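# Following is a predicted model, sequence given first.
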Amino acid sequence: LCKNQSVEFNFGQMEEPWFPLKEGFELIQKLPVEERVRATKAPGSKKDSETAGESAQPEMLLMVGLPGAGKTYWAENHMKGNPEKKYNILGTNFIMDKMKVMGLPRKRNYAGRWDVLIQTATKCLNR
């Protein structure tokens, strides 16, 4: 997210790169079309996803259960078993993994205040 900023990208459309490229790297514009791999294309409309078949249908799984019952464990295994669906897991554990200070997990930096951090991460998902 950017606010009050200008962003410019050079995918190779400019004659010279802004910085020397690292060995083994190439600007995407210079890559031959036949070597490019297209990411998953979202359906243009709900009607398009209905005619494309079940694999193109949007899908959301909502896990409900007691703490420690295995919801995250099941969701992670289901995600690994279905890589073509490109699931994203949203949960407190995910948020906590992203909250780091100087590359270290916050748990080490929040001694005595861990419950406050968990509550804060949970609020991110409850709004």
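Everything's here; your move.
# from here on, contacts and neighbour counts on C-alpha atoms
Noted.
# Scan this structure for its longest helix.
For the chain, the longest helix by residue count, based on DSSP state H, is helix 114-126.
# mind listing what's buried in that helix?
Ala121, Thr122 (16 or more other CA atoms under 10 Å).
# other SSEs contacting it?
helix 92-98 (3 or more CA pairs under 8 Å, 6 or more residues apart in numbering; DSSP states H and E).
# one step back: how about the CA coordinates for the longest helix of the chain, as PDB?
Written as PDB, here are the backbone C-alpha positions of helix 114-126 (Å, rounded to 0.1, in the frame of the first residue of the first chain):
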ATOM      1  CA  TRP A 114       2.100 -12.500  25.200                       C
ATOM      2  CA  ASP A 115      -1.600 -12.600  26.000                       C
ATOM      3  CA  VAL A 116      -2.000  -9.000  24.900                       C
ATOM      4  CA  LEU A 117      -0.300  -9.800  21.600                       C
ATOM      5  CA  ILE A 118      -2.500 -12.800  21.000                       C
ATOM      6  CA  GLN A 119      -5.600 -10.700  21.600                       C
ATOM      7  CA  THR A 120      -4.300  -8.000  19.300                       C
ATOM      8  CA  ALA A 121      -3.700 -10.500  16.500                       C
ATOM      9  CA  THR A 122      -7.200 -12.000  17.000                       C
ATOM     10  CA  LYS A 123      -8.800  -8.600  16.700                       C
ATOM     11  CA  CYS A 124      -7.300  -8.300  13.200                       C
ATOM     12  CA  LEU A 125      -9.500 -11.200  12.100                       C
ATOM     13  CA  ASN A 126     -12.600 -10.200  14.000                       C
END
